[in-house]
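Student: Task: produce atomic coordinates for the following.
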Amino acid sequence: MEGAGTSRLWDATAGKEVAVLGKWDAAIGNEIAGLGKWQEFNSPVAFSLDGKRVVVGSRDYVHLSDAVTGRRLAALGPHAKTVQLLAYSPDGKRIASATAGEGASAIHLWDDESGKEVAVLATPFLDSVLFSPDGSRLVSGSNYPDNGARLWDAVTGRLLAVMTGHKNAIWSVAFSTGGRRAVTASSDQTARLWDGRTGQLLAILGGHTDRVSSVLFSPKGTRVVTASRDATLRLWDAQMGEGIGVLRGHGDEFSCPPVFTPDGARLVSGSDDGAVRIWDMNLVERNGILRGHDSYVYDVAFSANGEQVASAAWDGTARLWDATTGRQTGLLKHETEIITSAAYNRNSRRLATMELRRGLMLWDVASQEATRDWRVRLARYDPRASLNPAGTLLAAGSAEGPVRLWDVATGREVARLEGHDKDSIDVAFPPDGSLLATSGIDGTVRLWDVATRAPVAVLRGHTSDVFRVAFSADGKLLASGSGDKTIRLWDVTTREQLAVIPAGSIVYGVAFSPDGMRLATGCRDNTVRLFDVASRQQVAELRGHTNYVHAVAWSPDGTRLVSGSGDFTVRVWDSLSAQERAKRAAEKLTPR
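Tutor: This is a model prediction of the structure:
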């Protein structure tokens, strides 16, 4: 059948199939040289780094040949058992042949030039062998029950270190490019990172839920990839073993070890699910983290189509980001440093920003030009601005309490809503735009009728500053987050308090999911917490930020959440895998 016994050639950038190569392609599959009748099925093979020499195992012998002419140069052996493993040192000076399996095993070191045996390294239950990049060392991994790795001097055969700790068989070993790090993979569901010169344990790479079948370093040696029978790949920092990302998408274990492209920009993996996947390592590295701000991030927002994120920070900028790739697509520079708010209008063609010491600005998102500028005295406690759904009104908190409203078209101030006896902080419109919710450092939440500018209700209960208010998508619920470490839910129609939800920390940001089932909070203790609205119970805690989380916002489809933090970063938390996200993006581009 088509595909049986074939190889396929792919464009690694576009992901398109270039060619299907049969067992012997007439154009490129000509035999260069025959290596002799002694070559057997599943014989171990290893080439020298320059490709000029090749060694092939045949029962208890290893045959060294010229890889270009096929001329036999030497027969290395005999060995006490069948040769199972072969390795060629990168400097071309040593060949390692190993008899593996249960009980006593051995590694034989041979001089490439003379073909003479240099040393025999006795080691139990051998399962893997690899030279360091400079050829000076050799690492071996053993099967159960030894479960150990050993570091050897490849010149003399002297044992340098026994690396213990794995609880089950070691399946794969790898050296970093410079040989400063070594890593081992085991059936105990972990990999271990070692100093490649001393054998000292540096880190245990845990998290997989099945056997770790292979490991490799990136071309620059700064990253480690582990592949597991749990169908996931994990990316690690090679210096101290910190986890960077989890690559999900395959439906079965890996049929072969993954490989990097030479520049390290992509990782290619093949699975028993029949799929070959190409991973963009830039996206994996970002892991949803958007870097670029030079100071505290105080507000975040999703565009109406969910493809763009806006952020405001204390570095004098608001920034626009591609929500999927994390690439910065816009930079809105302000005159002063402290930018506390970023709010889109309904179609996301306009973005309102607030400068603490200067006022408000309205930006055209496409051109990234300011179209209107309000120089007003604002509150002293991180005020925010909001555009009504129609995009006709702009509201903002201010000093001494009044909430101010401006007509966007004319720029004229149309109202001052008096009521808060101290600075007003946050403002929010419901989806129909009929009300305005405001909060202040006086601990109250207030509702206003937008058409008449009249007060509707004062919602009391918080015992400290109320930093954020948010309406549910149907406009029936209002949530408020406070310095008293609670979230409170209010019935918008009856004005009754429905729930007091302990948050465990000061709450700086609140946002309902589009379906109204979840409430996200940004907290002072560096976490994002998710609560089930119906049960009022916490259902998740998202960690990763290293400073307070000041703002959270949902994508319109509810599959992503964005957070802004005092650690200078913006994070996008995605409930979809990278593959599913890419699939959805491709579907949008496909003509119907």
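
Student: show me where pLDDT drops low in the protein?
Tutor: 1-42, 101-103, 377-381, 577-579, 581-582, 585-586, 588-592 (pLDDT under 70).

Student: Where do the helices of it begin and end?
Tutor: Using DSSP state H, the helices of the chain run over residues 281-286, 578-589.

Student: How about the contacts made by the residue nearest to T486 when sequence neighbours are not counted?
Tutor: Distance criterion CB to CB, 6 or more residues apart in numbering; nearest residue to T486, sequence neighbours excluded, is V500 at 5.3 Å. In short, each C-beta sits where N, CA and C put it, glycine included. Contacts for V500 (CB atoms under 8 Å, 6 or more residues apart in numbering) come out as G461, T486, I487, R488.

Student: can you check M517 too?
Tutor: Applying CB under 8 Å, 6+ apart to M517 gives the contacts D532, V533, A534.

Student: quick one: it and F429, what's the gap?
Tutor: Per CB to CB, to the nearest Å, M517 is found 21 Å from F429.

Student: count of residues packed around the spatially closest residue to P389 that is not a sequence neighbour?
Tutor: Distance criterion CB to CB, 6+ apart; nearest residue to P389, sequence neighbours excluded, is G433 at 4.6 Å. Per other CB atoms under 10 Å, the neighbour tally for G433 reads 18.

Student: So A169 is in contact with G148, correct?
Tutor: No: the criterion here is CB atoms under 8 Å, and A169 misses it with G148 at 10.3 Å.

Student: who touches both of these two?
Tutor: With CB under 8 Å, 6+ apart as the test, A169 and G148 both reach S142.

Student: Of the contacts of M517, grab the buried ones for ChimeraX.
Tutor: Of the contacts of M517, the buried ones can be selected in ChimeraX as follows, counting by 16 or more other CB atoms under 10 Å:
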select :533
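
Student: Kindly reformat the contacts of M517 as TSV containing distance to S472.
Tutor: Formatted as TSV, the contacts of M517 follow (distance: CB to CB, whole Å):
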residue	distance to S472
D532	13
V533	8
A534	12
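
Student: tell me the contacts of the nearest residue to Q239 once chain neighbours are set aside?
Tutor: Sequence neighbours aside, T222 is the residue nearest to Q239 in space, at 7.4 Å (criterion: CB to CB, 6+ apart). T222 makes contact with D237, A238, Q239, according to CB under 8 Å, 6+ apart.

Student: Got the phi and psi for R180?
Tutor: The phi/psi pair for R180 (degrees, to the nearest 10) reads phi -80, psi -20.

Student: quick one: contacts for it?
Tutor: Counted by CB under 8 Å, 6+ apart, R180 has contacts D195, G196, R197, G221.

Student: Looking at the contacts of V500, state which has the most neighbours.
Tutor: Ranked by neighbours (other CB under 10 Å), the contacts of V500 are led by I487, which has 25 neighbours.

Student: which residues does that one bridge with?
Tutor: Beta-bridge partners for I487, by DSSP bridges, are G481, I501.

Student: coming back round to it: I'd like the contacts of R180 laid out as a markdown table, including distance to D322 and neighbour count.
Tutor: Shown next, in a markdown table, are the contacts of R180 (distance: CB to CB, whole Å; neighbours: other CB atoms under 10 Å):
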| residue | distance to D322 | neighbour count |
| --- | --- | --- |
| D195 | 39 | 15 |
| G196 | 38 | 23 |
| R197 | 42 | 16 |
| G221 | 29 | 19 |
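
Student: Excluding chain neighbours, what is closest to A304?
Tutor: Nearest to A304 is S348, by CB to CB, 6+ apart, at 4.3 Å.

Student: can you pull out the strands in the stretch 351-500 of the chain?
Tutor: 359-364, 369-375, 385-387, 393-396, 403-407, 413-417, 424-428, 435-440, 445-449, 455-459, 466-471, 477-482, 486-491, 497-502 (DSSP state E, counting those that start in this stretch).

Student: Can you tell me which of those strands is nearest to A119?
Tutor: Set against A119 and scored by CB to CB, the strands of the stretch 351-500 of the chain come closest in strand 497-502, at 66.5 Å.

Student: thinking the residue nearest to A304 is in contact with V309, fair?
Tutor: No: with contact defined as CB under 8 Å, S348 does not count as touching V309 (10.8 Å).

Student: rewinding a little: ok, the residue nearest to P389 - contacts?
Tutor: By CB under 8 Å, 6+ apart, the neighbours of G433 are N388, P389, A390, L393, V450.

Student: surely the second one meets Y344?
Tutor: No: with contacts defined as CB under 8 Å, P389 does not count as touching Y344, sitting 10.8 Å away.

Student: Those two: which is more packed in?
Tutor: Set P389 next to Y344 and count neighbours by other CB under 10 Å: Y344 wins out with 21 against 14.

Student: List the contacts of the more buried one.
Tutor: Contacts of Y344 by CB under 8 Å, 6+ apart are A301, F302, S303, A304, A310, R350, L351, V365, L387.

Student: and the third one, how far is that from P556?
Tutor: Computed as CB to CB, the S303 to P556 distance reads 8 Å.

Student: between those two, who's got more neighbours?
Tutor: S303 (19 against 15).

Student: I figured that one hits S348, correct?
Tutor: Yes: using CB under 8 Å, S303 makes contact with S348 at a distance of 3.9 Å.

Student: For the two, list the residues in contact with both.
Tutor: The contact lists of S303 and S348 share V365, where a contact means CB under 8 Å, 6+ apart.

Student: Where does the record place the domain boundaries for this protein?
Tutor: 1-30, 33-161, 165-287, 289-589 (automatic domain parsing).

Student: Export the contacts of Y344 as a markdown table, with columns for distance to L64.
Tutor: Converted to a markdown table, the contacts of Y344 look like this (distance: CB to CB, whole Å):
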| residue | distance to L64 |
| --- | --- |
| A301 | 66 |
| F302 | 63 |
| S303 | 63 |
| A304 | 67 |
| A310 | 64 |
| R350 | 73 |
| L351 | 68 |
| V365 | 66 |
| L387 | 76 |
